[in-house]
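**Q** structure of the sequence below:
(one chain, ligands or ions: 1)
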Amino acid sequence: MPIILDGNQTSKAIRADVRREVDELFTRTGIRPCIAAILAGDNPASQKYVSMKERASAAAGIVSRTYPFPSTASQAEVEETLAALNADQSVHGILVQHPLPKGMNEPEVLAKLLPEKDVDGIAPISMGRLLAGMSAFHACTPAGMVELLHRYNLPIAGKHAVVVGRSVILGKPLALLLLQENATVTVCHSRTVDLASITRQADILCAAIGKPEFITGDMIKPGAVVLDAGYNRPEGASKDVGDVHYDSAFEVASAITPVPGGVGPMTIAMLLRNTLRSAQRASLEA
Ligand code: NAP
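**A** Below is the predicted model of the structure:
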């Protein structure tokens with residue numbers, strides 16, 4: 001029976017640590033960490049994520065502000081608010097909720113975000129710094145996946161990690177983080193030929209595809225660690241599933257993340273911790 005990598009419990013423990021450190025920072029310096037979210041458009045998943053973030057921030061003692069824009073807003077309007085938040089010293093973290101509405105150039109907007117406030121870790125400069133081996137905030141979902149491996153003492157160095165998916169927010173930064181942890185990393189995508197022959201070589205198999213139950217047990221090496229970032233609601237289904245077919249993967253994996261309750265809850269924990277770190281850094285410069 002595999003180890004179930006419990007993202008709910010792990011996230012809870014991290015958020016409790018963040019709360020303690022937030023209170024300590026406030027008592028010592030009077031600074032309370034603050035995160036601002038730019039929420040443009042009416043994507044229901046984005047609205048849900050931002051309201052979850054607001055609740056989690058409040059529970060961690062972090063101030064949370066949301067700047068909503070209609071999907072008809074112009075990129076210039078969003079960038080004007082972003083510039084004001086960059087300049088606002090009471091704001092320590094800025095989240096530009098992905099995806100921005102059609103017609104806005106997301107990389108162009110993210111490029112205007114100050115790297116020291118990019119607590120979501122997806123601005124081009126943060127990615128570049130990660131690639132260059134420089135300090136930067138790391139993209140929250142991939143960072144949460146690596147954190148889960150650490151918290152369960154699952155070794156990464158020397159392991160063959162296969163990442164299926166190469167999106168800017170997930171697959172690519174995950175591959176870089178695993179490489180930084182000295183894994184041997186293979187990245188697969190929609191043009192990969194004979195995917196199963198590669199996934200079957202993985203000691204650590206990471207699914208970041210966006211296709212329900214796409215990775216099945218026969219695509220997994222016995223004893224592999226399986227991290228499933230996927231979060232999908234198949235048509236007509238009443239519950240969410242991952243990119244991994246859980247029941248068949250469960251039969252072969254040595255450790256596995258459930259969906260829900262695996263990778264998902266780790267993202268907000270990483271976001272709150274990054275916001276705290278940004279505020280701690282600002283307090284040293286004040
Ligand atoms: P995305 O931008 O759509 O990227 C999907 C990736 O999967 C692409 O790189 C694509 O390859 C690859 N892919 C698609 N079909 C494939 C196939 N048949 N074989 C191999 N690779 C294939 O998705 P994303 O934003 O990275 O999200 C992926 C999943 O993670 C989704 O289920 C999403 O809901 C979930 N997610 C969860 C969290 C969280 O838990 N906090 C956060 C973000 C995302 P190409 O590049 O060749 O198109």
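
**Q** can you point out the buried residues in stretch 206-223?
**A** Residues 206-209, 212-215, 217, 219-221 are the ones in stretch 206-223 that count as buried (16 or more other Cβ atoms under 10 Å). Any C-beta I mention is one placed from the backbone N, CA and C, and that applies to glycine too.

**Q** now, which of the residues you listed lie within strands?
**A** 206-207 (DSSP state E).

**Q** keep only the buried residues of stretch 206-223 that also lie close to the ligand.
**A** 208-209 (Cβ under 6 Å from any ligand atom).

**Q** tell me who's in contact with the nearest residue to residue 5 once chain neighbours are set aside.
**A** Of all residues beyond its chain neighbours, the one nearest residue 5 is residue 257 (4.6 Å), with distances taken as Cβ to Cβ, 6 or more residues apart in numbering. Residues in contact with residue 257 (Cβ atoms under 8 Å, 6 or more residues apart in numbering) are 4-5, 7, 148, 226-228, 242, 263.

**Q** give me that answer again for 10 Å
**A** For residue 257, the contact set (Cβ atoms under 10 Å, 6 or more residues apart in numbering) comprises 4-7, 145, 148, 206-207, 225-230, 242, 244, 246, 249, 263-264, 266.

**Q** same check on residue 193?
**A** So residue 193 contacts nothing (Cβ under 10 Å, 6+ apart).

**Q** correct me if wrong: residue 108 contacts residue 82.
**A** No. Here residue 108 lies out of contact with residue 82, judged by Cβ atoms under 10 Å, at a distance of 11.0 Å.

**Q** and those two? Which one has more around it.
**A** residue 82 (21 against 12; other Cβ atoms under 10 Å).

**Q** residues contacting that one?
**A** 36, 38, 67, 94, 96, 109-110, 112-114, 117.

**Q** can you verify it is assigned to a helix?
**A** Yes. Counting by DSSP: H, G, I helix; E, B strand; the rest coil, residue 82 is found in a helix.

**Q** so what's the residue count around the residue of the stretch 1-150 of the chain found nearest the ligand?
**A** Ranked by Cβ to the nearest ligand atom, the top residue of the stretch 1-150 of the chain for proximity to the ligand is residue 141, at 4.1 Å. Residue 141 has 25 neighbouring residues, counting by other Cβ under 10 Å.

**Q** go on, the one 4 residues further on?
**A** Neighbour count of residue 145, defined by other Cβ under 10 Å: 30.

**Q** isn't it right next to residue 183, touching?
**A** No. Counting by Cβ under 10 Å, residue 183 is not a contact partner of residue 145; they are 11.9 Å apart.

**Q** any residues in contact with both of the two?
**A** 163, 177, 204.

**Q** among those residues, which lie within helices?
**A** residue 177 (DSSP state H).

**Q** tell me the confidence at residue 235?
**A** Per-residue confidence (pLDDT) for residue 235: 89.

**Q** picking up where we left off before, what packs against whatever helix or strand the residue of the stretch 1-150 of the chain closest to the ligand lives in?
**A** Residue 141 belongs to helix 140-151 when assigned by DSSP states H and E. Using 3 or more Cβ pairs under 10 Å, 6 or more residues apart in numbering; DSSP states H and E, the elements in contact with helix 140-151 are helix 7-29, strand 160-164, helix 171-180, strand 204-207, strand 225-228, helix 264-285.

**Q** where does pLDDT dip in the stretch 151-286 of the chain?
**A** By pLDDT under 70, the stretch 151-286 of the chain has no low-scoring segment.

**Q** what residues does it have near the ligand?
**A** By Cβ under 6 Å from any ligand atom, the residues of the stretch 151-286 of the chain that approach the ligand are 164-167, 169-171, 188-192, 195, 208-211, 229-232, 243, 263-264, 267.

**Q** I appreciate the help and will end here.
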